[in-house]
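Enquirer: Turn this into a model:
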Amino acid sequence: MGSNGLSRRRLFGACATLTAGFATGCAVAQGDSVAPETTSRVVPQPAAPVSAQPIATGQAAPPLAPAQVAARHAGTIPHQWGVDLPGITSGFPAAGKQFALTFDACGGPGNSDIDQALIDLLIVEQIPATLFLNKRWVDADPARVQRLAANPLFELANHGSVHKPLSVSGRSAYGIAGTGSAEQAAYEVWDNHQRLTELTGRAPRFFRTGTAHYDEVAVAIVNELGETPLGFTVNADFGATASSAQVKRAMSAAAPGGIALAHMHRPRSGTAAGMAAALPALRAAGFTFVHL
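Expert: As a prediction, the model looks like this:
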């Protein structure tokens, strides 16, 4: 990143908490009421994963620098807010019963661990997934990120710099204030874009904001920075607060061309155990898991 990008890096808040209803972003650290952590194990090297018909993503290099993108949208007033707006990709054209898994790693205090049992499950079962990594999670253990990047089962994607809802007016989700301007939104995307590119040698194609909330101006900013805003069709673990039974039940709603959102930074959550029950059942029902 150039000096302009570095000078504009912002240190915004922490992960979102679960309010009434089911959260899509990070939740507060959990106690021992969820599924116990399982022991990691030696796993085989994966074969090349299957890919879905490609989603049309943003350009490999953005046509404008982040400051230019921010300037184009400075002062624009948004009128929409949510997780399913025009311009957010929440599904893909499936060939048969194809389904995509995505897992967020939110980072920050209490949120920079890894659910190794979940990662081992994906490797043993040869299930591809897109991993959305927040910059704080990346910076907590860069070597861990490089190991994930070296595994062809996993595509690494951008989960923002400090896990803020992406807004140009400070709009909040789950009690967490979003980015407060076009400039802040642009650098919430771009700082981690640069970090992942420098660390892995590959620019991320997809972006998911912290809490999965956007306004329509922020959606345009993501696209203009060369990434595709990604949503979801199945909220699988409710911000890593769900029990294993709840995860399994949520995943039973999988449909061809759908995208599941779950989390990979809470080893004491029910996510790994729930996925261990759900994914074989979906395969038995004829589903295949694919990269986007």
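Enquirer: Do me a favour and get the end-to-end distance for stretch 76-89?
Expert: 23 Å (CA to CA, to the nearest Å).
Enquirer: typed the wrong thing, it's stretch 203-213
Expert: 22 Å.
Enquirer: Any buried residues in it, and which?
Expert: Within stretch 203-213, the residues scored as buried using 16 or more other CB atoms under 10 Å are 203, 204, 205, 206, 207, 208, 209, 210, 211, 212, 213. Where you see a C-beta, it was placed from the backbone N, CA and C, and this is true even at glycine.
Enquirer: Tell me, what's the model's pLDDT at the fourth one?
Expert: According to the per-residue confidence, residue 206 scores 98 in pLDDT.
Enquirer: Next, count neighbours for the residue lying closest to it once chain neighbours are set aside.
Expert: With CB to CB, 6 or more residues apart in numbering as the criterion, residue 206 has its nearest non-adjacent residue at 4.1 Å, and that residue is residue 157. Residues near residue 157, counting by other CB atoms under 10 Å, number 23.
Enquirer: Low-confidence regions, the stretch 51-200 of the chain specifically.
Expert: Applying pLDDT under 70 to the stretch 51-200 of the chain flags residues 51-63.
Enquirer: ok, 90 please
Expert: 51-64 (pLDDT under 90).
Enquirer: Spell out, range by range, the strands that occur in it.
Expert: 81-82, 98-105, 129-133, 154-158, 172-173, 176-177 (DSSP state E, counting those that start in this stretch).
Enquirer: Residues contacting the third one, please?
Expert: Contacts with strand 129-133, where a contact means CB atoms under 8 Å, 6 or more residues apart in numbering, come from 100-105, 107, 122, 145, 148, 153-159, 192, 196, 206, 208, 230, 264, 289, 291-292.
Enquirer: redo that, cut-off 6 Å
Expert: The contact list for strand 129-133 (CB atoms under 6 Å, 6 or more residues apart in numbering) reads 101-105, 122, 154-157, 159, 208, 292.
Enquirer: Check the longest one too.
Expert: Surrounding strand 98-105, the residues in contact under the criterion CB under 6 Å, 6+ apart are 52, 129-133, 137, 159, 254, 256, 258-265, 287-290, 292.
Enquirer: That one relative to strand 129-133, how many degrees between them?
Expert: Computed by axes from the mean of the first three to the mean of the last three CA atoms, to 10 degrees, the angle separating strand 98-105 from strand 129-133 equals 20 degrees.
Enquirer: Just the CA atoms of strand 98-105, as PDB, please.
Expert: Output in PDB follows, covering the C-alpha atoms of strand 98-105 (Å, rounded to 0.1, in the frame of the first residue of the first chain):
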ATOM      1  CA  GLN A  98     -24.000 -27.500  -6.000                       C
ATOM      2  CA  PHE A  99     -23.600 -25.500  -2.700                       C
ATOM      3  CA  ALA A 100     -20.900 -23.200  -1.400                       C
ATOM      4  CA  LEU A 101     -19.500 -22.900   2.100                       C
ATOM      5  CA  THR A 102     -18.000 -19.700   3.500                       C
ATOM      6  CA  PHE A 103     -16.500 -19.200   6.900                       C
ATOM      7  CA  ASP A 104     -15.600 -15.800   8.600                       C
ATOM      8  CA  ALA A 105     -12.700 -15.200  10.900                       C
END
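Enquirer: how far is that strand from where the chain is centred?
Expert: Here strand 98-105 is found 8 Å from its chain centre; the criterion is CA atoms, centre = their mean, to the nearest Å.
Enquirer: Please name the strands paired to that strand in the sheet, noting orientation.
Expert: Looking at strand 98-105 with DSSP bridges, its partner strands are strand 129-133 (parallel), strand 258-263 (parallel), strand 288-289 (parallel).
Enquirer: now do the last one
Expert: In its sheet, strand 176-177 lies beside strand 172-173 (antiparallel), with partners assigned from DSSP bridges.
Enquirer: so what's residue 173 up against?
Expert: Here residue 173 is in contact with 165, 211, 213 (criterion: CB under 6 Å, 6+ apart).
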